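**Student:** Here's a sequence, model it:
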Amino acid sequence: MLSDKRFLQKNNAFQGEDGKRNRVFIGRQPILNRQKKTFGYELLFRRGAVQSANVTDNVKATANVMVNALNNIGISKLIGDKKGFINVDESVLASGVTDLLPKKITVFELLETVEINDAVLELCKQIKKTGYQIALDDYIHNGDSQILNIVNYVKIDVMATQRETITSISKILKKYSLKFVAEKVETREDFAFCYDLGFHYFQGYFFAKPSIISAKSISPAQVVLLDLSRLLAKEAEFFVIEKIFRQNPELHIKLLQFMNSAAFYTSQKITSIGQSITLLGYRNLQKWVTLLLFAGEGYDMKSTPLFERAVLRGRIMELLTGKVTRDVSTADAAFITGVLSLIDTLFQAPLENILKELNLSEEINNALLHRDGLLGTLVSVIENLEQEKYDELRDYLASINVDIEELFRIESNAIIEYENMNSDNTQ
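**Tutor:** Take a look at the predicted model:
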């Protein structure tokens with residue numbers, strides 16, 4: 001067990017073992033099942049004070065910090081009821097810190113740098129016996145099958161492994177009682193290839209990229225939301241907005257549910273659409289409508305990766321804007337821009353065509369189409385953060401005078417905020 005528990009600071013930052021500035025922040029990357037619903041997350045430990053932002057390059061030195069972060073924040077606040085994959089090496093497994101984490105949702109992911117010897121095999125057996133699950137990262141078959149009889153998941157790096165090798169490995173893995181995960185799946189072609197091979201789970205941002213060839217029609221509910229979004233952007237008269245809600249009872253109910261949930265902080269009971277519109281205001285209502293476009297019809301929001309990505313993009317951009325300018329309208333625009341940066345994926349249609357249907361400002365349009373202006377820079381920041389391209393990320397942040405550590409702090413807080421919203425809010 002840890003002998004030196006440090007407390008969680010207000011900004012979710014932690015001091016390193018040497019007492020120097022060595023703050024650690026937590027991001028996450030979704031792992032999807034075969035239905036493209038969120039099954040779990042790999043937790044990404046980001047560090048702002050070193051050249052590499054990922055703590056996985058030095059797990060032993062930062063193990064106490066990582067576990068303290070998870071234990072103090074509460075892992076459920078970061079991943080809800082999903083599985084959490086956490087990178088470890090043999091020293092972490094042997095240290096005893098692992099038993100600080102909840103067994104039901106924790107998966108210890110053994111790094112590819114770990115030598116699978118008798119001592120590691122015994123450690124894995126003991127940890128699995130206590131109720132935790134174990135994953136192998138970046139698996140390359142070398143004839144040693146002992147570890148495959150112990151672990152629950154095996155990850156294969158799709159980007160770094162030839163397709164013929166992936167095919168042969170998948171045939172071997174099917175002989176064992178385990179699930180295999182395709183990681184670094186960045187294209188829908190990679191997803192389809194691994195899906196056909198029988199992979200159980202998929203990690204990467206392939207789901208956030210449009211497939212224009214299979215453009216789908218816009219549902220009646222989405223048509224209503226698009227129309228409402230246009231009217232709000234134009235600041236149409238109050239009675240026009242209210243009329244749309246009255247003509248669409250389901251939308252009416254959703255708004256009242258939202259206004260009376262913990263996601264919207266008000267002590268008074270909301271009983272009418274007029275009261276809701278007055279309290280929210282046009283800009284906040286437009287933000288809510290924009291999110292509804294991504295929530296889908298009848299879906300579990302917590303398992304819809306595109307909705308999650310849209311919310312987090314919007315919220316991170318909104319918070320970043322607050323560091324650059326105090327202009328509230330710009331922050332609102334940043335939120336909408338972040339969410340709509342994935343709208344071509346939602347509708348499976350060219351972005352330019354979709355934007356013609358919306359009454360967005362020139363600033364938002366240019367940001368989405370050309371990455372122009374402050375909003376365009378912030379979209380680039382989010383994209384490079386997701387892809388873990390830290391050199392480019394630092395350049396974009398430098399242009400708006402924001403420290404990378406501040407971005408990691410905002411990302412961690414946005415994740416916790418998102419999980420809290422989804423645990424309290426009913427769609």
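
**Student:** For the nearest residue to residue 342 once chain neighbours are set aside, identify the helix or strand it belongs to.
**Tutor:** Nearest residue to residue 342, sequence neighbours excluded (Cβ to Cβ, 6 or more residues apart in numbering): residue 310, at 5.1 Å. In short, each C-beta sits where N, CA and C put it, glycine included. In the assignment (DSSP states H and E), residue 310 maps to helix 305-324.

**Student:** Just checking, which helix or strand of the chain averages the lowest pLDDT?
**Tutor:** Least confident helix or strand, the chain: helix 59-73 with a mean of 61, by mean pLDDT, DSSP states H and E.

**Student:** what comes into contact with the helix or strand following it?
**Tutor:** With elements assigned by DSSP H and E, the helix or strand that comes after helix 59-73 is helix 75-79. With Cβ atoms under 8 Å, 6 or more residues apart in numbering as the contact definition, helix 75-79 has outside contacts at 26, 28, 40-41, 43, 70, 84, 101-102, 105-106, 415-416, 419-420.

**Student:** So which of those residues sit within strands?
**Tutor:** Of the contacts of helix 75-79, the ones assigned to strands by DSSP state E are 26, 28, 40, 41, 43, 84, 106.

**Student:** ok, now which ones touch residue 327?
**Tutor:** By Cβ under 8 Å, 6+ apart, residue 327 lies in contact with residue 321.

**Student:** what phi and what psi does the backbone show at it?
**Tutor:** Note on residue 327: backbone dihedrals following degrees, to the nearest 10 are phi -80, psi 110.

**Student:** That one and residue 381: what is the separation?
**Tutor:** As for residue 327, its distance to residue 381 is 18 Å (criterion: Cβ to Cβ, to the nearest Å).

**Student:** and if you look at residue 189?
**Tutor:** 27 Å.

**Student:** who has more neighbours, these two?
**Tutor:** residue 381 (24 against 11; other Cβ atoms under 10 Å).

**Student:** what's the helix or strand for the more buried one?
**Tutor:** Going by DSSP H and E, residue 381 is part of helix 373-386.

**Student:** relative to helix 305-324, how tilted is that helix?
**Tutor:** Angular relation of helix 373-386 and helix 305-324 on a 0 to 180 degree scale: 130 degrees, by axes from the mean of the first three to the mean of the last three Cα atoms, to 10 degrees.

**Student:** any idea where the strands of the protein begin and end?
**Tutor:** 24-32, 38-47, 83-88, 106-110, 133-136, 153-157, 179-183, 201-203.

**Student:** so which of those comes closest to residue 278?
**Tutor:** Nearest of these to residue 278, taken as Cβ to Cβ: strand 38-47 at 35.3 Å.

**Student:** thinking residue 113 is in contact with residue 89, fair?
**Tutor:** Yes - in this structure, residue 113 is within contact of residue 89 by Cβ atoms under 8 Å, at 6.9 Å.

**Student:** Comparing those two, which shows the higher neighbour count?
**Tutor:** residue 89 (18 against 12).

**Student:** Tell me how far that one lies from residue 111.
**Tutor:** Distance, residue 89 to residue 111, by Cβ to Cβ: 5 Å.

**Student:** Likewise for residue 201?
**Tutor:** As defined by Cβ to Cβ, residue 201 lies at a distance of 18 Å from residue 111.

**Student:** Which one's more surrounded, these two?
**Tutor:** Legend: neighbour count by other Cβ under 10 Å for residue 201 and residue 111, higher for residue 201 (22 against 16).

**Student:** pLDDT score assigned to residue 19?
**Tutor:** Looking at residue 19, its pLDDT is 41.

**Student:** could you measure the residue nearest to residue 342 against residue 359, distance?
**Tutor:** Applying Cβ to Cβ, the value for residue 310 to residue 359 is 19 Å.

**Student:** likewise residue 269?
**Tutor:** To residue 359, residue 269 is 33 Å away according to Cβ to Cβ.

**Student:** neighbour count winner among those two?
**Tutor:** Neighbour comparison, residue 269 and residue 359: the larger count goes to residue 359, with 14 against 9 (by other Cβ under 10 Å).

**Student:** so that one makes contact with residue 233?
**Tutor:** Yes - using Cβ under 8 Å, residue 359 makes contact with residue 233 at a distance of 4.2 Å.
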